[in-house]
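Enquirer: Got a predicted model here, sequence first, then my questions.
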Amino acid sequence: PHLATLLQAMPKAELHLHIEGTLEPELIFALARRNGLGLPYPDIDSLRRAYAFQDLQSFLDLYYAGAAVLQREEDFYHMAMAYFRRAAADNVVHAEIFFDPQTHTVRGVEFGTVIAGLDRARRDARDTLGVSSELIMCFLRHLPQESAFETLAAALPYRDRILGVGLDSGEVGNPPEKFTEVFRRCRELGWRTVAHAGEEGPASYIWSALRDLKAERIDHGVRCLDDPRLVAHLAEHRIPLTVCPLSNVMLKVYPSMERHTLARLLEAGLCVTVNSDDPAYFGGYVNRNYLACFEALPELGARDAYRLARNSLDASFAPETDKQAWR
Ligand code: HPA
Ligand code: ZN
């Protein structure tokens, strides 16, 4: 109970959050009705019951199907505001939010529609909830690099509203080096870079994200523990890992939270952060992720709680003046 209060009260940043992964079943049904779309589930409970995943791909299939209810600017706005209210309740002071433009543009939704809704929510969240935020555009790695270049072209009119680029979707068989050229172009534009690596994929994908994409943070990255040289490199250069504990258990990266390596990663001196990934699908927003770890891993204590929250602020791309105010 004491620890739960502490975990709740700590100011924290959320650095690994897919906005499409915050679509709660209730909102999926509401948006489907509003947009005149059918769903292959008769009701909210049967959709929620389908959230039993075998691996990353079985989750992605449902996640992309759910995102198809997003059509209008208001839909993106509504989804993002619902997230910001949850984040504020968890004492998230800053969120760096992923979005997947290709998931929407393939359905005929304009890039500008996506950005307009998300950007309006960002500004309202700052003004009404006091939560600051940034947008990170992710390329879908199962698609060819040419599709990423087309997405980059569509993003250019909105480049000032985007902080950086990331890489998500099915990892195995789609190593970071597949996107070397498009990431180079994005860095030339002044965008920050992150990449999912070492979730289901091997430690060598983390090396590739660092070497070929110049990723400044690694999303997930838990499989670095297979490579002691890599762990030493990540620690020495203080490259943050955005770990998502409930996601890892739901997607069977670990068989249970008791087996999660969060404490080992901290023990290795890494800049580890705790995040929610796709909270509507994985059973909880960021504070639930913290709490689940501290309940399952007896080696974690109050000092680790402070360390994790402090790491999240340090690892963010927020201006140094903001970081100082939060600490
Ligand atoms: N991994 C890869 N792609 C994703 C994820 C993830 O955890 N969540 C949403 N898209
Ligand atoms: Zn993710």
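Expert: Nice, thanks for sending it over. Numbers count the residues shown, from 1 in each chain. Ligands and ions are numbered 1, 2, ... in the order given.
Enquirer: any residues touching whichever strand or helix holds residue 104, and which ones?
Expert: Applying DSSP states H and E as the criterion places residue 104 in helix 101-105. Helix 101-105 is touched from outside by 20, 64, 67, 70, 111, 113-114, 137, 139-140, 143, 147, 151, 154-155, with contacts defined as Cβ atoms under 8 Å, 6 or more residues apart in numbering. C-betas here are computed from N, CA, C, even on glycine.
Enquirer: Kindly report the same for stretch 302-310.
Expert: Counting contacts by Cβ under 8 Å, 6+ apart, the residues outside stretch 302-310 that touch it are 3, 6-7, 10-12, 263, 266, 272-274, 290, 294, 327.
Enquirer: Looking at the contacts of helix 101-105, which are in helices?
Expert: 64, 67, 111, 113, 114, 147, 151, 154, 155 (DSSP state H).
Enquirer: Go ahead and confirm residue 289 touches residue 283.
Expert: No: between residue 289 and residue 283 no contact is recorded; they are 9.1 Å apart, counting by Cβ atoms under 8 Å.
Enquirer: quick one: which of the two has more around it?
Expert: Here residue 289 and residue 283 are compared on neighbour count by other Cβ atoms under 10 Å; more neighbours surround residue 289, at 29 against 16.
Enquirer: In contact with that one, which residues?
Expert: Listed by Cβ under 8 Å, 6+ apart, the contact set of residue 289 reads 244, 245, 246, 274, 275, 276.
Enquirer: Just the CA atoms of stretch 227-236, as PDB, please.
Expert: Output in PDB follows, covering the C-alpha atoms of stretch 227-236 (Å, rounded to 0.1, in the frame of the first residue of the first chain):
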ATOM      1  CA  ASP A 227      25.000 -10.200 -25.100                       C
ATOM      2  CA  PRO A 228      27.200  -9.000 -22.300                       C
ATOM      3  CA  ARG A 229      29.200  -6.700 -24.600                       C
ATOM      4  CA  LEU A 230      25.900  -5.000 -25.700                       C
ATOM      5  CA  VAL A 231      24.900  -4.500 -22.100                       C
ATOM      6  CA  ALA A 232      28.200  -2.900 -21.300                       C
ATOM      7  CA  HIS A 233      27.800  -0.600 -24.400                       C
ATOM      8  CA  LEU A 234      24.300   0.400 -23.400                       C
ATOM      9  CA  ALA A 235      25.400   1.200 -19.900                       C
ATOM     10  CA  GLU A 236      28.500   3.100 -20.900                       C
END
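Enquirer: How far away from the center of its chain is that stretch?
Expert: The offset between the C-alpha centroid of stretch 227-236 and the centroid of the whole chain comes to 23 Å, using Cα atoms, centre = their mean, to the nearest Å.
Enquirer: which of the residues in that stretch are buried?
Expert: With burial defined by 16 or more other Cβ atoms under 10 Å, the residues of stretch 227-236 counted as buried are 227, 230, 231, 234.
Enquirer: and if you look at stretch 214-223?
Expert: Of all the residues in stretch 214-223, those buried under the rule 16+ other Cβ under 10 Å are 215, 216, 217, 218, 219, 220, 221, 222, 223.
Enquirer: between those residues, which is nearest residue 83?
Expert: Distance to residue 83 across the buried residues of stretch 214-223 (Cβ to Cβ) is lowest for residue 219, with 17.5 Å.
Enquirer: ok, now which ones touch the closest residue to the closest one other than its chain neighbours?
Expert: The spatial neighbour of residue 219 that comes closest, neighbours along the chain excluded (Cβ to Cβ, 6 or more residues apart in numbering), is residue 196 at 4.2 Å. Residue 196 makes contact with 141, 166, 167, 168, 171, 218, 219, 220 under the criterion Cβ under 8 Å, 6+ apart.
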